[in-house]
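Student: model the structure of this input:
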Amino acid sequence: MRDINNDLAYVESLLRNLYGDKVPKINEVKISNKMTRTFGKCTTHYYDDGWTKLTFASFILDERFPYEEYMSVLVHEYTHAIDRNKHGHSGEWLRMAEEISDCYIFFNNIQRYVHEQGVESRNEIKPSKVYKCTCKECGAIFKKTAYRAPRWYAHPENFHCKCGGRLKKII
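Tutor: Below is the predicted model of the structure:
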């Protein structure tokens, strides 16, 4: 398991060399087991002193996730914090991402989306599953392939088919 706090401190020091006081203090770092499609998220609130939270998907901390992609995700989200989430993935954010890639050769893949290698690693670390239910009355089958169980699978007693029949899990 990777030490995200140590790695974020390293990223912060590199970014401070480029942007000085523009680099905000990260007030909260959260690891989420629920994030499946995104690898990270930056949330900023600027009232008086400012407040920034970075949230990362738990699977990027796994050693099987490529280290270059992992560090790229950290820099990507930190760049959003510097930008205060104002420009999305264009404008100032894009200019900074290109500048960081030029200055630090080991961050040469800061992009809007993670490379195919990162997506393949995610699928290996957190594979999707097939969820199936059937209607007790008409026999209709409900099927979904996903990373998390849909609500109708997790609690079939709360759902019913178009015919009015109740659902039952197929294992």
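
Student: ok, which stretches of the chain are helices?
Tutor: 4-19, 67-83, 91-103, 116-125, 151-154 (DSSP state H).

Student: pLDDT (mean, whole number) over the second one?
Tutor: Okay, so that is helix 67-83. Confidence over helix 67-83 (mean pLDDT, whole number) is 90.

Student: follow-up on the earlier one: among the helices of the chain, which gets the worst mean confidence?
Tutor: Minimum mean pLDDT among these: helix 116-125, a mean of 65.

Student: ok, N33 - contacts?
Tutor: Residues in contact with N33 (C-beta atoms under 8 Å, 6 or more residues apart in numbering) are S58. The C-beta positions use only the backbone N, C-alpha and C, and glycine is treated the same way.

Student: angles on the backbone of it, please.
Tutor: Main-chain dihedrals, N33, degrees, to the nearest 10: phi -80, psi -10.

Student: from L61, how far out is it?
Tutor: 11 Å (C-beta to C-beta, to the nearest Å).

Student: same question for M35.
Tutor: From M35 to L61 the distance is 12 Å (C-beta to C-beta).

Student: who's more crowded, those two?
Tutor: Legend: neighbour count by other C-beta atoms under 10 Å for M35 and L61, higher for M35 (19 against 16).

Student: how about the nearest residue to the spatially most central residue of the chain, chain neighbours excluded?
Tutor: In the chain, the residue lying closest to the centroid (C-alpha atoms, centre = their mean) is F39, at 2.2 Å. Spatial nearest neighbour of F39, excluding adjacent residues (C-beta to C-beta, 6 or more residues apart in numbering): V73 at 4.7 Å.

Student: if we can go back for a sec, so which of the helices of the chain is nearest L167?
Tutor: helix 151-154 (6.3 Å; C-beta to C-beta).

Student: and the closest one, what does it pack against?
Tutor: strand 129-135, strand 141-146 (3 or more C-beta pairs under 8 Å, 6 or more residues apart in numbering; DSSP states H and E).

Student: tell me the angle the longest one makes with strand 141-146.
Tutor: Put simply, strand 129-135 runs at 160 degrees to strand 141-146, going by axes from the mean of the first three to the mean of the last three C-alpha atoms, to 10 degrees.

Student: and strand 129-135, what other elements does it pack with?
Tutor: strand 141-146, helix 151-154, strand 167-170.
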